[in-house]
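Enquirer: Have a look at this prediction, sequence included:
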Amino acid sequence: MTSSPAHALPVPLRRRRDRWVWALVVLVAVLWSISRAGVSGVLNQRGFGQLSSFFRAAIQPELSGDLLRIALDESITTVSYALLGTVLSIGIGLVGGVFMAESIWSPITRRWSLSRRFGWRSTRALMAIPRSIHEVVWGLLLINVLGNDPWVAVIAIGIPFGSVTAKVFSEFLDEVHNDSYKALRIGGASRLQALLFGSMPEASGDLLSYGFYRLECAIRSAAVLGVIGAGGLGFQLQLSFTSLDYNEMWTFLYALIILSGLADWWSSSVRRRHASPNTQVAEGAGVARQPGRDRFLSWSAISAGLAVPLSWWWLDLSPSNLWSARTQRLFGDLVTDSFPPTITNGFGSLFTASVDTVAMAVLAIAVAFLPATGLAFVIARRSHDQSTDGSASLASEGARFVTRLFLLTLRAIPPPVWAFLTLFVLFPGIWPGAVALGIYNAGVMARLQAEVVENHDDSKGRALEAAGVPRVSRIAYATAPQLAGRFSAIGMYRWEVAIRETVVVGVVGAAGLGRVVDEQVVRFDYDGLTSTLIALMIVTIAADQISAGLRRSLR
Amino acid sequence: MKNLRRLVFALLALTLFAAACGDDGGDSASHTLTIGAIPDQDPDLLARNYDLLTDFLSDRLGVSVEYSPVAEYDSAVTQFKTGDLDLVWFGGLTGVQARLQVPGAEAVAQRDIDAKFHSVFIARVDSGIEPFSSVDGLTSLADHSFTFGSESSTSGRLMPQSFMDQSGLSLDELSGDPGFSGSHDKTIQLVVAGTYDAGALNEQVWDTRLAAGEVDLTQVREVFRTPPYFDYHWVAQPALDARFGDGFQARLIAAFESLDSSDPDQATILEFFSAGAFIGTDNSNYDQIESVARDSGLIG
């Protein structure tokens, strides 16, 4: 970081001390959240029977021909939303990322001027706004403007995902920019030119690979969007959920699990091959492939390319709806309805709800972190695992498959459904929301953590293994210290996400901003909703700054 | 990576191509009557078997009829406001909200039972709440936890809240804040589970689930049935006659009134709405709902 002012301590020492400070901050935050949520009278043991009847229905999904046909149709709709939403988000990310990149703001030789620093920070803060609002809220606002139109789901996914993608892409640009960027800048190129021709070519591959990763997230988002009536599997799930037909719910949940599983497999295959295209050797045939030409990647590119117009056709998207006279009129109405913001039940209650939202999100990640970490090690595929004898690897292969399926299920069941289920066994308040979001996020975190395990340099661990050190000790002394930082970064990132997810678990009662949003929506109190969303933005942006600080200290 | 970069261009080109080929919808939409319904009792049934209803209406009215399912009460209101839905099966409250957002919209038909609809208060057997027969008895809910159904539900929220208010029971006297389970069925299950001591819901859902033996009566029982009020009804956009020809709205009402349970298909349609028959109605029947909703701040 060119911007760091000089410090008295040598860098590694200062970082180490920072780490302890941050560990203390996290500990205090978790303890404070626990005390806010309360510890006595939380568990409702009478409800376990109700909870188990939901899971018992898993072995008997409704398999009538009609319902399966609906599930198939709606699966295509869900995939179409996810795909087009992702394409839109990549577009937004590509443009937004350039303007958020540190390199386009920072001078290469001199120190940062105050105005430049301010410009960069405020651009980043501005770009954080779209992602601080949940897809469901975007969908809700868009439905007021576009009505019952498939664009609602596509844009509701595209905008917040675009904002996340922009942030990630800006980081890619900053990571790769050094040599070619500097060379171009010194040669007299403008910042934008240097970024476009120096950094962009390399970062754009990473961006596309990241786009494939977002595809699975988009499928889950498309499912959650069903609750506002955007069609697809989530919508059918919501209909069956209203009348609590568990057998029908499982039919759609299985469809979601299959879709997420396929998207997960596709995206991780593309990413693995993208990361190391030359190490892939054609199996069996013994013919090494030409470097840079991977048939799987070509196939992926072609099918994704074909799927876009097909999705467009399937959803019957009509661009003219985006700027039709009706859309313009309804947009004007929405703006009039939403401004100026008013505070519905006093500033105090909005503040309390915001604080509860933060506590709920902290507890969600605290609940998810350890189980997710454990499961991440089960599903991680390490290169040296394959060297062990056949029977052992068959068993671990089986455990890996079952665990992956389990994690897929955790994240395929949408948070509002988890919230209702946890309400059977936990009394209303912060806890059921925290546990619901924790279960869902554990499914996501374990997958991210497994990737970290797969990609980290394990030479120390292998050295210890060669010396005969048992596995547990190897993890404790070699792997854990190396991974703790990355895992914490993932935890912080999911904490930010969990904050905005609290708006979809309002069913858990008067805890957090979810309940506030629900009530304002049914009252069509959009002035009040604006204030709630502003509160949510402030909380999310603050969380973003805190987690950025923590990640810096871990780097 | 080269492949991935090519993909970008392929995507862009194909998207532009698809955009150029996409049809603009035209004005065929204005010749289709689009109907919808709030997701109240068994919304999945209607959403997946609506062709009986659309075929029937299309046959009687001579226009094409489309059913557009809706997942939430408020999005039904919003889609009525944006004009995406021409005719919607609303609850009492959502119907009033819809008419307030679309001046000139009219309540056109209701079920035979909707003039005298009731809510049911249920409570856990072990909660100490004993059955009672007058509104005043609702004060016995004090110091117990309680859940409504969906926030926008008339029978699961608005009227129960209004009757609690009449009895002199303030929501602050409940143990904790009232919950919003999300639907009538969820209210039953959360009370059975013991998450809440008591709840309120639509009498029809309760009666249907009881008759089907789906309620665990060792855990939960009915403690009170409210006095009657007007509830569900069909609300139509104001300009239907202008769009579909003079007298269209009258023919629409007549079509609903003609639904006859002796015809098997029509009997199924009536069953989806748990109706014996449909009858005409008008806006003034929902004045009580409107004033109650105003009092509780659900409409501005």
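Expert: Everything's here; your move. Model, not experiment: these values are computed from the prediction.
Enquirer: Going by contacts, tell me the helices and strands next to the helix or strand containing A:Ala542.
Expert: Counting by DSSP states H and E, the element that carries A:Ala542 is helix A:526-554. In terms of contacts (3 or more C-beta pairs under 8 Å, 6 or more residues apart in numbering or on different chains; DSSP states H and E), helix A:526-554 is packed against helix A:11-37, helix A:114-132, helix A:325-338, helix A:346-379, helix A:480-501, helix A:513-522. All C-beta spots, glycine's among them, are computed from the backbone N, C-alpha and C.
Enquirer: Next to chain B, which bits of the stretch 301-450 of chain A? Give me the list.
Expert: Listed as neighbours of chain B in the stretch 301-450 of chain A under the rule C-beta under 8 Å from any C-beta of the partner chain: A:301-302, A:304-306, A:308-309, A:312-313, A:316-321, A:326, A:330, A:420, A:423-425, A:427-429.
Enquirer: So which of those sit within helices?
Expert: A:301-302, A:304-306, A:308-309, A:312-313, A:326, A:330, A:420, A:423-425 (DSSP state H).
Enquirer: hmm, back to that, could I get the helices and strands packed on helix A:526-554 as JSON lines with distance to B:Asn285?
Expert: Formatted as JSON lines, those follow (distance: least, C-beta to C-beta, whole Å):
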{"stretch": "helix A:11-37", "distance to B:Asn285": "46"}
{"stretch": "helix A:114-132", "distance to B:Asn285": "44"}
{"stretch": "helix A:325-338", "distance to B:Asn285": "28"}
{"stretch": "helix A:346-379", "distance to B:Asn285": "36"}
{"stretch": "helix A:480-501", "distance to B:Asn285": "41"}
{"stretch": "helix A:513-522", "distance to B:Asn285": "22"}
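Enquirer: Deepest in the core, which of these is it.
Expert: Most buried of the helices and strands packed on helix A:526-554 by mean neighbour count (mean count of other C-beta atoms under 10 Å in any protein chain shown) is helix A:513-522; its value is a mean of 24.
Enquirer: could you dump that one to CSV, C-alpha only?
Expert: Extracted C-alpha coordinates of helix A:513-522, given in CSV (Å, rounded to 0.1, in the frame of the first residue of the first chain):
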residue,chain,number,x,y,z
LEU,A,513,-35.0,-4.6,10.4
GLY,A,514,-36.8,-7.5,8.7
ARG,A,515,-40.0,-7.1,10.7
VAL,A,516,-39.8,-3.3,10.1
VAL,A,517,-39.5,-3.8,6.4
ASP,A,518,-42.4,-6.3,6.3
GLU,A,519,-44.8,-4.0,8.1
GLN,A,520,-43.8,-1.0,6.0
VAL,A,521,-44.3,-3.0,2.8
VAL,A,522,-47.9,-4.1,3.7
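Enquirer: Quick check: residues of the stretch 201-300 of chain B near chain A?
Expert: For the stretch 201-300 of chain B, the contact set with chain A under C-beta under 8 Å from any C-beta comprises B:297-300.
Enquirer: Check the spacing between the most centrally placed residue in chain B and B:Val88 real quick.
Expert: By C-alpha atoms, centre = their mean, the mean C-alpha position of chain B lies nearest to B:Ile38, the distance being 3.6 Å. Distance of B:Ile38 to B:Val88, given as C-beta to C-beta, to the nearest Å: 7 Å.
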